[in-house]
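J.: build me a model:
(chains A, B, C and D)
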Number of protein chains: 2
Amino acid sequence: MANNIRDIAKLAGVSVTTVSKVINNLPNVSPSTRARVQQVIQDQQFIPSHTARGLVKGKSKTIGMFLTTSLAHPFFSKVVVGLESALKKTGYDLLYLTLDWNPEYSLVRHCLSRNVEGVLIFGFQENDLNFEEIIQSEIPTVFIDLDMMGRRAGYVTSENVESIKNAVYYLHELKHRKIAFVNGHLDSYVGKQRFEGYRRGIQELGLPYFAEYISIGDFTKESGYAAMKGFMQLEEPPTAVVCSSDMIAIGVIEAAGEAGLSIPQDLSVIGFDDIELAKHTIPALTTVHQDFDTIGNQSILLLNDLINTPHSPPPALIIPTKFVIRKSCAECTR
Amino acid sequence: MANNIRDIAKLAGVSVTTVSKVINNLPNVSPSTRARVQQVIQDQQFIPSHTARGLVKGKSKTIGMFLTTSLAHPFFSKVVVGLESALKKTGYDLLYLTLDWNPEYSLVRHCLSRNVEGVLIFGFQENDLNFEEIIQSEIPTVFIDLDMMGRRAGYVTSENVESIKNAVYYLHELKHRKIAFVNGHLDSYVGKQRFEGYRRGIQELGLPYFAEYISIGDFTKESGYAAMKGFMQLEEPPTAVVCSSDMIAIGVIEAAGEAGLSIPQDLSVIGFDDIELAKHTIPALTTVHQDFDTIGNQSILLLNDLINTPHSPPPALIIPTKFVIRKSCAECTR
DNA sequence: CTGAAAGCGCTTACAG
DNA sequence: CTGAAAGCGCTTACAG
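T.: Below is the predicted model of the structure:
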């Protein structure tokens, strides 16, 4: 049984150098020799060791991925589809790196010991981990939904600011003037961005900025529910609500429904994400569609550039969203 | 800058053997020597190469995972949470292996070249891939939701048969006698199992077996919708429908709603999976809850046994489900 | 307790 | 076009 390049060399009656050349499709091997070696490789079902190759070349053809466990979030699997296609294209495999939360643990150590060529970071917020360390290490890194930059680190995210701003504009065109906003955590990058979008929309349209119309939750249905309950206490409740996630919107709709308001006649609601559920709410949710597939795909492609193109600039890629109009908004009649 | 064990040895004034012993916490090093070496390691921020270690030991501390891209399915992320905790416990990292669909491609080659110690296969059906090859290779393998077995291969899945049977029993207790079943693909393992559950339930309860009450779809909402439309054409439409997924149930409910039936008064519906959405349907869906976390967790643990316990028998682990009673079933009044 | 040496399975100048 | 040899960074008998 031939287990290594030396066995193959012996069987083919050549040197290991030659076998290596054949395996790697390098020139300077006569056609007949090449054919003979290939035959032996085939016969023996020889599989070169990726590990040994990695050791001598100092490359692993592996990208490390750090993920929050709280990634039980609904987008993850969609992003993975995008990752997969780009991985295939670039020839990398993805190593799902499990985080260890003991004090001596270090992202960088893990990466270095595993010899990953680049790192993908997804689902984390600014202060979750010691990202400075990894940026300093200059291991090529791409963050998803977190605007970290470094000499060899960049990010990809959806168009958050404009998307929310557009939602506000859309409601304004429908004659809404009392437009509330239910956001997620402000310590998350997307939370900050979307808030900025709301702020700009209100400002550019010359609408008054009411602190009472802004609620900060945590992207969940529950936080949307609570926010809407709050709005309904106001003397002048909003006639429309922009939400920072579809789940928030669903909570808003539920609270509104309990109070006897019908959507969209009495209240217009806009979500964010376009999750599966958004099509199935009653009424179907008007929302901002995120292109998760492209996010995944581009993350790997950019990482590949960072790794393999010597002076490639750190990326900061904003993926366009799509505004999906369904049934949860109507013209304001009051 | 110290990059390898030899540099450390030099700096500490010892042999590489000794450094290796210190790194691996092996005995036969004097305390003072050990301390000195550790100090140097610390000072130099030395990180041993996982790759080199893997090469000589023939082990990679890596588990390979094959996943369908169609894994954009909603459970995946929940299973990952379970995987993660077990990975941490066992010290393995997960290599997400991207499949290459060209004819020469082989799962086993990929695994062998990457030197993974075990393989997790998730989201595939019997004939999707050449699983025989991987079973023959005797690389330790655990399948999720696919009952493949081999000398070193086993599986973990939810209790599918009993769960559906119980659902049928539950409806029977609610005095339903015309109980339909909307299944997913029969070429999927879980499809077959759940069908068997339905069959047994009907049989044991002495209910007549009507082919018209059985619809085979593809786990989607659309297939549920179509199935229910069909049922309503029958002379004696069912009074209750057991579904092989929550999405199917949602489609059934939608079709029923369009025909003016109210749930649960006119029709009882039971789902499967207990996805997020199940709580939010109107009425909230009675369903079979799958314990995805445990599925993920046990998969790794069993794989770990398979890898590290010499004669560990191939596992066939059935994870219990929980029947979650919500609002979509009522006593049959007709 | 310590270290010299062989070896894991490859790649890569280099000489012929 | 071909091959001997050094080396990637470790571990592990083995001898002292």
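J.: tell me how many other residues crowd the residue in the stretch 151-300 of chain A positioned nearest to chain B.
T.: Chain B sits closest to A:Leu277 of the stretch 151-300 of chain A, with a gap of 5.5 Å, by C-beta to the nearest C-beta. Bear in mind the C-beta positions are built from the backbone N, C-alpha and C, glycine included. Number of residues near A:Leu277 (other C-beta atoms under 10 Å in any protein chain shown) recorded here: 22.
J.: quick check: phi and psi at it.
T.: phi -50, psi -30 (degrees, to the nearest 10).
J.: for A:Ser215, give its distance to A:Leu301.
T.: A:Ser215 is 37 Å from A:Leu301, where distance means C-beta to C-beta, to the nearest Å.
J.: next up, the contacts around the residue nearest to the residue of the stretch 151-300 of chain A closest to chain B when sequence neighbours are not counted.
T.: Closest residue in space to A:Leu277, ignoring its immediate chain neighbours: B:Leu277 at 5.5 Å, by C-beta to C-beta, 6 or more residues apart in numbering or on different chains. B:Leu277 makes contact with A:276-277, A:280, B:246-247, B:250, B:285, according to C-beta atoms under 8 Å, 6 or more residues apart in numbering or on different chains.
J.: which one of those is nearest DNA strand C?
T.: In terms of C-beta to the nearest atom of the strand, no member of the contacts of B:Leu277 lies closer to DNA strand C than A:Glu276, at 44.9 Å.
J.: distance of that closest one relative to B:Asp291?
T.: Here A:Glu276 is placed at a distance of 21 Å from B:Asp291 (C-beta to C-beta).
J.: likewise A:Glu212?
T.: Here A:Glu212 is placed at a distance of 43 Å from B:Asp291 (C-beta to C-beta).
J.: please apply the same query to A:Leu11.
T.: Counting by C-beta to C-beta, the gap from A:Leu11 to B:Asp291 is 51 Å.
J.: also A:Val242?
T.: Applying C-beta to C-beta, the value for A:Val242 to B:Asp291 is 37 Å.
J.: with A:Gly91 instead?
T.: To B:Asp291, A:Gly91 is 37 Å away according to C-beta to C-beta.
J.: who has more neighbours out of the two?
T.: The neighbour comparison of A:Gly91 against B:Asp291 (other C-beta under 10 Å) goes to B:Asp291, with 18 against 10.
J.: what sits against the more buried one?
T.: With contacts defined as C-beta under 8 Å, 6+ apart, B:Asp291 is in contact with B:158, B:319-322.
J.: mind running it again at 7 Å?
T.: Listed by C-beta atoms under 7 Å, 6 or more residues apart in numbering or on different chains, the contact partners of B:Asp291 are B:319, B:321.
J.: and A:Thr68, by the same measure?
T.: Contacts of A:Thr68 by C-beta under 7 Å, 6+ apart are A:123-124.
J.: the strand or helix carrying A:Val80 versus helix B:76-90: what angle between them?
T.: Under the criterion of DSSP states H and E, A:Val80 resides in helix A:76-90. Put simply, helix A:76-90 runs at 70 degrees to helix B:76-90, going by axes from the mean of the first three to the mean of the last three C-alpha atoms, to 10 degrees.
J.: mean confidence for helix A:76-90?
T.: Taken as a whole, helix A:76-90 has an average pLDDT of 86.
J.: for stretch A:48-58, same thing?
T.: 93.
J.: relative to the whole chain's centre, how far out is that stretch?
T.: The chain centroid and the centroid of stretch A:48-58 are separated by 30 Å, computed with C-alpha atoms, centre = their mean, to the nearest Å.
J.: for it, list every residue counted as buried.
T.: Using 16 or more other C-beta atoms under 10 Å in any protein chain shown as the burial criterion, the residues of stretch A:48-58 that qualify are A:48-55.
J.: to what extent is the residue of the stretch 101-250 of chain A found nearest DNA strand D buried, counted in neighbours?
T.: Taking C-beta to the nearest atom of the strand, DNA strand D has its nearest neighbour within the stretch 101-250 of chain A at A:Ser113, 8.3 Å off. When neighbours are counted by other C-beta under 10 Å, A:Ser113 registers 15.
J.: can you pull out the residues in contact with the helix or strand containing it?
T.: For A:Ser113, the enclosing helix or strand under DSSP H and E is helix A:107-114. The contact list for helix A:107-114 (C-beta under 7 Å, 6+ apart) reads A:64, A:66, A:95, A:97, A:119, A:129-130, A:133-134, A:137, A:139, B:47-50, B:93.
J.: contact partners for A:Phe122?
T.: So A:Phe122 contacts A:65, A:67, A:144 (C-beta under 7 Å, 6+ apart).
J.: near chain B, which of the buried residues of stretch A:48-58 show up?
T.: The subset of those within reach of chain B, by C-beta under 7 Å from any C-beta of the partner chain, is A:48-52, A:54-55.
J.: shaky segments in the stretch 1-150 of chain A?
T.: The stretch 1-150 of chain A contains residues with pLDDT under 70 at A:1-2, A:69-74.
J.: for the closest residue to A:Phe75 other than its chain neighbours, grab the count of nearby residues.
T.: Spatial nearest neighbour of A:Phe75, chain neighbours left out: A:Phe292 (5.3 Å); criterion: C-beta to C-beta, 6+ apart. Using other C-beta under 10 Å, A:Phe292 has 23 neighbouring residues.
J.: quick check, A:Phe292 in contact with A:Ser77.
T.: No - with contact defined as C-beta atoms under 7 Å, A:Phe292 does not count as touching A:Ser77 (8.7 Å).
J.: show me the two of the contacts of B:Leu277 that sit farthest apart.
T.: Distances among these were taken as C-beta to C-beta; the most separated pair is A:Glu276 and B:Leu285, at 14.6 Å.
J.: next, the residue most central in space within chain A: phi, psi?
T.: Closest to where the C-alpha atoms of chain A average out (C-alpha atoms, centre = their mean) is A:Ile144, at 4.2 Å. Main-chain dihedrals, A:Ile144, degrees, to the nearest 10: phi -110, psi 130.
J.: hmm, A:Gly64 and A:Val119 touching each other?
T.: Yes - counting by C-beta under 7 Å, A:Gly64 is a contact partner of A:Val119 at 4.7 Å.
J.: around DNA strand C, which positions in chain A sit nearby?
T.: With the criterion set to C-beta under 7 Å from any atom of the strand, chain A comes near DNA strand C through A:3-6, A:16-17, A:20-21, A:23-24, A:46-49, A:52-53, A:55-57.
J.: which of those fall in helices?
T.: Taking DSSP state H, the ones among the residues of chain A next to DNA strand C that sit in helices are A:5-6, A:16-17, A:20-21, A:23, A:52-53, A:55-57.
J.: adding distance to B:Gly191, write the residues you listed out as a markdown table.
T.: Listed next are those as a markdown table, based on distance: C-beta to C-beta, whole Å:
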| residue | distance to B:Gly191 |
| --- | --- |
| A:Ile5 | 46 |
| A:Arg6 | 49 |
| A:Val16 | 51 |
| A:Thr17 | 54 |
| A:Ser20 | 48 |
| A:Lys21 | 50 |
| A:Ile23 | 43 |
| A:Ala52 | 43 |
| A:Arg53 | 42 |
| A:Leu55 | 45 |
| A:Val56 | 48 |
| A:Lys57 | 46 |
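J.: for DNA strand D, tell me which of these show up nearby.
T.: Applying C-beta under 7 Å from any atom of the strand to these, those adjacent to DNA strand D are A:16-17, A:21, A:52, A:55-56.
J.: most widely separated two among these?
T.: A:Lys21 and A:Leu55 (18.8 Å).
J.: which stretches of chain A form strands?
T.: Remark: strands assigned in chain A by DSSP state E are A:62-67, A:93-96, A:118-122, A:141-144, A:153-158, A:179-183, A:214-216, A:240-243, A:268-273, A:286-289, A:316-319, A:322-324.
J.: out of the ones you listed, deepest packed?
T.: Of all these, strand A:240-243 carries the top mean neighbour count, a mean of 32, counting by mean count of other C-beta atoms under 10 Å in any protein chain shown.
J.: and that strand, what does it pack onto?
T.: helix A:161-173, strand A:179-183, helix A:246-258, strand A:268-273 (3 or more C-beta pairs under 7 Å, 6 or more residues apart in numbering or on different chains; DSSP states H and E).
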